[in-house]
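*Asks:* heads up, no residue letters with this:
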C-alpha cells in the first residue's frame, strides 16, 4: 500500500503498469505446451495412425491456454478496478502504530513534490 500510495502521489494512475503473476504462469504453460506438442509430433510421426491424436492434443492444449489467458484478463481487470478506487485510508498496516509513520512519509513526499519547505524546526 505504501508503495502504491507513494507512486500515486507523484504520478497519475494511468502511468502505473500492473503486471499480474498470471502472465508469467501463462508464459510457463505455453512453453510447456509447445514442448509437449513437439514431443507428441515426434511420437506421432513414428506411428502414422496416431498422427490425428496430435491435433486433439493441440486443441486441448489451446483450450487450456485460453483458460489461463482468461483468468489473467479477469485478474488484471480486478487489479485495475482496485487501483482506480485506491485510498491510503483503506490500506492494512501490520502494526497499527505504523500508520502514522506511513501517513507522515507520504505527507512529506507530497510536500517535497510540490516544492514546499519541509525543514524541521
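*Replies:* Ah, there it is. Here the structure is a predicted model, which means the values were calculated and not measured.
*Asks:* Now the longest helix anywhere in the chain: buried residues?
*Replies:* Taking DSSP state H as the assignment, the helix of the chain that covers the most residues is helix 51-84. Residues of helix 51-84 classed as buried by neighbour count (16 or more other Cβ atoms under 10 Å): 54, 57, 61, 65, 68, 72. (C-beta placed from N, C-alpha, C; glycine too.)
*Asks:* For that helix, name the packing helices and strands.
*Replies:* Applying 3 or more Cβ pairs under 8 Å, 6 or more residues apart in numbering; DSSP states H and E, one finds that helix 51-84 contacts helix 21-46.
*Asks:* ok, back up a step: give me the distance between the longest helix of the chain and the centre of its chain.
*Replies:* Using Cα atoms, centre = their mean, to the nearest Å, the mean C-alpha position of helix 51-84 is found 15 Å from that of the whole chain.
*Asks:* which is the next helix or strand following that helix?
*Replies:* Downstream of helix 51-84, the first helix or strand assigned by DSSP states H and E is helix 98-113.
*Asks:* what is the mean pLDDT for that following helix?
*Replies:* Helix 98-113 shows a mean pLDDT of 82 in the predicted model.
*Asks:* repeat for stretch 60-67
*Replies:* Computed over stretch 60-67, the mean pLDDT rounds to 81.
*Asks:* List of residues touching that stretch?
*Replies:* Counting by Cβ atoms under 8 Å, 6 or more residues apart in numbering, stretch 60-67 makes contact with 26, 29-30, 33, 36-37, all of which sit outside it.
*Asks:* Make a ChimeraX selection of the buried ones in those residues.
*Replies:* Written as a ChimeraX command, the selection of buried residues from those, which uses 16+ other Cβ under 10 Å, is:
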select :26,29,30,33
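*Asks:* Quick one: the contacts of stretch 60-67 as CSV, columns for pLDDT and distance to residue 8 too.
*Replies:* Below are the contacts of stretch 60-67 laid out as CSV (pLDDT from 0 to 100; distance: Cβ to Cβ, whole Å):
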residue, pLDDT, distance to residue 8
26, 72, 27
29, 77, 32
30, 76, 33
33, 78, 38
36, 80, 43
37, 75, 43
